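Trainee: All I have is the shape, not the residue letters:
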């Protein structure tokens, strides 16, 4: 019924939703509930997100990839200046970590 490629796409969507709803122990359930409460995330919003993942197709993934390519992404790291300089010594010139002292 489905080709191999389509089966992989379906599997990726099911896997992503499965990661959202993986079994949790009591502590994990409490942590997730607290996080949702503090951030204002509702059950309806989570269901909408799940539905959007399941509804993705090849063009959706391509559009998302294009947005990522265009995005200016950044990561924040708290470390000593010496540690960052040591890391920079091992990185390529275009991958240097910018040091900002607070």
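Mentor: Yes, it's here. All figures in this text were calculated on a predicted structure; none of them were measured in a lab.
Trainee: Following element in sequence after the helix or strand of the chain with the lowest mean pLDDT, please.
Mentor: Within the chain, no helix or strand scores below helix 4-20, which has a mean of 60 by mean pLDDT, DSSP states H and E. Going down the chain from helix 4-20, the next helix or strand is helix 26-39, by DSSP states H and E.
Trainee: And the contacts of that next one?
Mentor: 24, 41-42, 46 (Cβ atoms under 8 Å, 6 or more residues apart in numbering). For every residue, glycine as well, the C-beta is placed using N, CA and C.
Trainee: Would you tell me what the next helix or strand after it is?
Mentor: helix 43-54.
Trainee: Sketch out the low-pLDDT regions of the chain for me.
Mentor: Counting by pLDDT under 70, the chain has low-confidence residues at 1-19.
Trainee: rerun that using 90 as the cut-off
Mentor: Flagging of the chain using pLDDT under 90 yields the residue ranges 1-24, 43, 46-47, 49-69, 71-78, 94-95, 97-102.
Trainee: This completes my enquiry, with thanks.
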